[in-house]
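# Below are the sequence and a predicted model for it; my questions follow.
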Amino acid sequence: QGQVVESGGGWVQPGGSLRLSCSASGFYFTITPMAWYRQASGKEAGKEREWVATIFGGGTIQYANSMKDRVAISRDNAKNTAFLDMNNLKPEDTSVYYCAAHLPTGELVWGKGTVVTVSA
């Protein structure tokens with residue numbers, strides 16, 4: 001059974017940067033598309049998870065318009081790890097960030113998320 005575990009979240013001031021990591025196991029990471037999503041907590045918790053970015057096994061990358069100028073997704077296949085570098089963070093970026101693996105079966109393997117808080 002595949003598993004992904006996010007890390008790297010925390011508190012940052014507006015304008016700051018964070019690198020999120022997603023450590024994967026239990027599936028063939030090299031060929032698996034990896035994606036990042038986010039979901040606001042608190043009063044907006046009922047909103048669906050918002051897709052942020054995807055990196056495919058061959059390196060092709062796609063970004064959502066909402067953050068594409070401020071994030072960079074990457075992967076290290078040797079370490080079975082995907083990353084999300086976020087810059088110029090804004091208070092509205094405060095969310096739980098989730099990593100997901102798109103398995104060949106069509107199944108999405110989700111992590112438990114890592115909390116990012118952007119405030120002065």
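Everything's here; your move.

# what sits against the residue most central in space within the chain?
Against the mean C-alpha coordinate of the chain, by Cα atoms, centre = their mean, the closest residue is Trp36 at 2.8 Å. Shown in contact with Trp36 (Cβ atoms under 8 Å, 6 or more residues apart in numbering): 20, 22, 51-54, 71, 73, 82, 84, 97-100. Where C-beta positions appear, they are placed from N, C-alpha and C, glycine not excepted.

# Check what pLDDT the most far-flung residue of the chain relative to its centre gets.
For the chain, the largest distance from the centre (Cα atoms, centre = their mean) belongs to Ala120, which lies 23.0 Å off. At Ala120, the pLDDT value in this model is 94.

# could you list every residue that touches it?
Counting by Cβ under 8 Å, 6+ apart, Ala120 touches Gln13, Pro14.
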